[in-house]
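> pasted the sequence and its predicted model underneath.
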Amino acid sequence: MADTKENLQLGPDAFKHVATNTQAQEKIAAPSLTFSQDAIRRLKQNKFALISFWILVIIGIVALLSIWFSPADPNRQHLAYTHLPPKWGNLNIPFINGYRNGIDMYAKNGVPKGTYFFLGTDYLGRDMLSRVLVGTRVSLFIALLATFFDLTIGVFYGIISGWKGGTTDTIMQRIIEIISSVPNLIVVILMLLVFKPGLTSIILAIAMTGWVTMARLVRAETLQLKDQEFVLAARTLGESSTKIAFKHLIPNLSSTIIIQTMFTIPSAIFFEAFLSYIGIGLPAPTASLGTLLSDGQKVLQIYPSELVFPAVVIVVLMLAFNLLADGLRDAFDPRSDNR
Amino acid sequence: MVKYVLKRIGYLLLTLFIVASITFFLMKLLPGTPFNNPKIPAAQIAILRKQYGLDLPVWQQYLNYMVGIAHGDFGESYQFAGQTVSYLISTRIGPSLQLGVQAMIIGTLLGILLGAIAAIRKNTWVDATATIFAIIGRSIPNFVFAALLQFWLAYKWRLFPIALWDGFSSSILPTLALAMAPLANTARFMRTEMVDVLSSDYIELAKSKGESQWQVVAKHAMRNSMIPIVTIIGPMAVDLMLGSLVVENVFAIPGIGQQFVQSITTNDYPVIMGLTMLYSVMLTVVILIVDILYGFIDPRIRLSGEGN
Amino acid sequence: MATNKPAEEPILSVKDLKIDFRTFAGPVHAIRDVSFDLKKGETLAIVGESGSGKSVTVRSIMGLLANNAHIASGQIMFHDADILKKTKRQLNAMRGNDIAMIFQDPMTSLDPTMPIGKQVAEPLRLHTNISEKKALAEAVRVLKLVGIQDAQERLKDYPHQFSGGQRQRIVIAIAIINHPQILLADEPTTALDVTIQAQIIHLLKEIQEKIDTSIIFITHDLGVVAGIADRVAVMYAGKIIEYGTVDEIFYNAQHPYTWGLLEAMPTLETNSDRLYAIPGTPPDLLDPPKGDAFAPRNPFAMQIDLEQQPPFFQVSPTHAAATWLLYPGAPKVELPPEIKRRRQIWETQFAGKEAE
């Protein structure tokens, strides 16, 4: 152990008594962060989540702007221009120079100079870029509505079920059990058979099934919160149930809700694409990522680009939402200690 | 334990009854049957309606249908005259089951491996790669993946048959396409569980015994993180059922998934109802088996089950 | 009480250990220059409140530090070899064989899915070439030794089938099955009921005699220390601030922090109807204070305490304290009543002995 320092010389001043100040000691050197600040800090450190977020913002803006600034009418057929490869101006770079198998397809089909299709055209000569943009918009729109239903039906169903408890809870849980004992896509398909295929039916169908997971999670969390002191205190003070739900439950449920919402979005996008792909989703000629993929699949062996472009868009969308969701979950979950 | 299982089976039957009823009445609501074709003479339609029992009052049809279901009789297909739904399903379920089981085995095994490796090498490039792989697997829709597999491995490189159901080699690509989602989900789940387990006290104690990292993982961490994997077998079964709808179509495999899509497009209601019931039965039974199985493999639950 | 062990070579010697933890806010200086020796067969208690660095110290001896820990300097000599320089393989060979550890929470430190017989036999199977059957037989013997009487019948039982006290006995059985030279006990009684605590401490003493091992006993409870330790080291804010034999610490403590701990300990002799609590909280080790870390909570603090870290002042060959109060020129302070009472016991009972 350390040696005694014999040669130390100290004056009497050194031994003046000082008043202790325990208050000053309480200062904490690390910056103090609230729960959400800490979550945001962790989210910002997650590069994938951050990049995903910005990619989604960009895709969203582009899809929105394409309502007014579409490069071409997505539904205008031009039978002379079918299956054109991508061409970007006069750039002579393979794959985007308008050549296929060494032949200038644009010249061959008599496309006037100055007319380009950045992503080529489909089997009816429609501009792929415009169609992909419309498809993205449709997908995002469906995702937005799915989120809306998740937040309204799912959250309230869960809160009511968990908060009321007793018979109400039992009945509500039985209903959920029945809904979830049929694969939800089959429920959706049955819905689509009853209503006519189309955007409204798809959204209705998703609305009827998408909220189940959210309701389950919210109920479980509500059950836990219900017994906690701050909620008991609010009840004792005579606050109404509605007020407690908005003032105490929802803020505490927010991380669960946000994370689950982020997982709902990619599955809604997938649903639409899936349904349109097997031919019971959006009817022709509406462009959606699903119908584009379905059309692309038919000509995959000859014109792979017609599948690849919508595929890339849907994969990027799903990937970005999944990464952001994962990032949010890690950021909000105190158990994960990614410093 | 027996009491619990009986109670669960009771609930299961109740659920299936409700599902069957709802399906039945939904089908009654449907606009049009295959017999609405204006080209078919009215007299023939009347005969057809009688043949399929559609002239009876709805409650009578419902009763007949329910009694039929109880005997495993789902009626006759509209599309394939003279074929019962049960027969149609029985001829087509083989490929679907084979694909499903193969995909589930590959998906879980690889998923467990990938998730475990990611957790052990947490916060390294290995973890990042495995996680990204899993997320990509979750993000590529299975029909896109199936189409790409078919294009590259079968059409371009000629490694596998492009489509149809002819021997084991033709099952490889569809199995891979189907296995993607379970693989990705298992990997993600396994990683989370394993990370949790690896930071637990008993792992610390195992290390303090002098076990190397691999011994700790093999003897303690793997088993403890794999037990909860059982709980995602249910959702995985759903994934596989849905996946089969598109994968069987892409690869033209004569399974129930392809049949389902076909029936939807041709309004073959008896088959749709039959398959909906089949999917529900499979799903509920899988969930029941998983719950019971869980009690057997987790010693903590096993004991409390005996106690009750 | 204070058995005078022959002054032999220490079996374990920690020198100038400094450990930082990297966090998002910067490095936390968890261990700041810690040195101590452990002699063969003795029990050294390390006492301190949570966050004082005592657990980090024993974990560094086991080579079981968290990933974000960084050993800034120091060495831990065990039989002429520095543990901090050992390879993974060497560490594995040492852990559970030469040095074993008993954990704090018996409820979570056993593998819930493995029968306890297998868990107890595991260290034997790892470090020797014994057959499974023989290892299990030995496990039964050790389980009986730690007080699980029906060990043979319960080998196949799982941890959740045992009570907390029994589980801690099993954890101890795992630690001692290879007759380690050093046992590190990290608050082994904290998670247990008070009645069970005494049993476990008694058991540890018994085992120490049977297998002739040295023990480092970590605790925040000075009351527990009296029953088990030969020597005591008091830690505060990542430093040892006083060390000595049990009697020296209990009856002749020199550091105001040790006084505070003693005052906060309820005894039969305590007359006051209120229990003393040391005011304030320990310093934040992200930014450790310049002088004596305890100064801000110290009612006897002096100017120098705020400016300069006190060195160790030797009180006896076995006793030293790092406080400026021991500086030759420092003023005498009025001791708190409880400490005064203890000093009187010291003078009447031990002062004579010392002279011999």
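That came in fine, so what should we check first? Residues are numbered from 1 along each chain as shown, chains lettered A, B, ... in the order given.

> tell me the domain ranges of chain B?
Domain ranges of chain B: B:13-70, B:96-254, per automatic domain parsing.

> now swap in chain C and tell me
Split by automatic domain parsing, chain C gives C:9-229, C:252-355.

> ok so, going back, the domains of chain B: lowest mean pLDDT?
Set side by side, the domains of chain B give their lowest mean pLDDT on domain B:13-70, at a mean of 76.

> residue numbers of the stretch 51-200 of chain C in contact with chain B?
C:62, C:64, C:88-89, C:92-97, C:100-101, C:103, C:105, C:108-114, C:122-123, C:126-127, C:158, C:160-161, C:171, C:174-175 (Cβ under 8 Å from any Cβ of the partner chain). C-beta here means a position set from N, CA and C on the backbone, and glycine is covered the same way.

> give me the buried subset of the residues you listed.
C:62, C:64, C:92-97, C:100-101, C:103, C:105, C:108-114, C:122-123, C:126-127, C:158, C:171, C:174-175 (16 or more other Cβ atoms under 10 Å in any protein chain shown).

> just these: which are in helices?
C:Met62, C:Asn92, C:Ala93, C:Met94, C:Glu122, C:Pro123, C:Leu126, C:His127, C:Val171, C:Ile174, C:Ala175 (DSSP state H).

> dump these into TSV; add pLDDT as well.
Shown next, in TSV, are those (pLDDT from 0 to 100):
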residue	pLDDT
C:Met62	90
C:Asn92	91
C:Ala93	91
C:Met94	92
C:Glu122	91
C:Pro123	92
C:Leu126	90
C:His127	91
C:Val171	93
C:Ile174	93
C:Ala175	92
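
> quick one: list the elements packing against the longest helix anywhere in chain B.
As assigned by DSSP H, the longest helix anywhere in chain B is helix B:85-120. Packed against helix B:85-120 by the contact rule (3 or more Cβ pairs under 8 Å, 6 or more residues apart in numbering or on different chains; DSSP states H and E) you find helix B:125-139, helix B:169-198, helix B:222-226, helix B:233-250, helix B:256-265, helix B:269-297.

> how near is the residue in the stretch 1-150 of chain A that chain B sits nearest to to chain C?
Nearest residue of the stretch 1-150 of chain A to chain B (Cβ to the nearest Cβ) works out as A:Phe48 at 7.8 Å. From A:Phe48 across to chain C, the span is 19 Å (Cβ to the nearest Cβ, to the nearest Å).

> now the angle between helix B:125-139 and the helix or strand containing that residue, please.
Assigned by DSSP states H and E, A:Phe48 falls within helix A:47-65. Angle of helix A:47-65 versus helix B:125-139, following axes from the mean of the first three to the mean of the last three Cα atoms, to 10 degrees, is 30 degrees.

> so what touches helix A:47-65?
Where contact means Cβ atoms under 8 Å, 6 or more residues apart in numbering or on different chains, the residues beyond helix A:47-65 that reach it are A:43-44, A:133, A:136-137, A:140, A:316-317, A:319-321, A:323-324, A:326-328, A:331, B:132.

> same question for stretch B:12-24.
A:177-178, A:181-182, A:190, B:62, B:65-66, B:69, B:273, B:276-277, B:280-281, B:284-285, B:288.

> which of the helices and strands packed on helix B:85-120 sits closest to C:Glu42?
helix B:169-198 (35.0 Å; Cβ to Cβ).

> helix, strand or coil for C:Phe300?
Here C:Phe300 is recorded as coil under DSSP: H, G, I helix; E, B strand; the rest coil.

> B:Thr108 against B:Ala187, yeah?
No. With contact defined as Cβ atoms under 8 Å, B:Thr108 does not count as touching B:Ala187 (9.8 Å).

> so what's C:Ile290 closest to, chain neighbours aside?
One thing to correct before we go on: residue C:290 is Lys, not Ile. What sits nearest to C:Lys290 in space, not counting adjacent residues and going by Cβ to Cβ, 6 or more residues apart in numbering or on different chains, is C:Glu307, at 6.6 Å.

> C:Ser60 too?
C:Ile19 (6.1 Å).

> if I look at that neighbour, how far off is B:Val2?
Going from C:Ile19 to B:Val2 by Cβ to Cβ, to the nearest Å gives 56 Å.

> neighbour count for the two, which is higher?
A count of neighbours by other Cβ atoms under 10 Å in any protein chain shown puts C:Ile19 above the other of C:Ile19 and B:Val2, at 24 against 6.

> please name the residues that touch that one.
Counted by Cβ under 8 Å, 6+ apart, C:Ile19 has contacts C:His29, C:Ala30, C:Ile31, C:Gly53, C:Val56, C:Ser60, C:Leu65, C:Ala69, C:His70, C:Ile71, C:Ala72.
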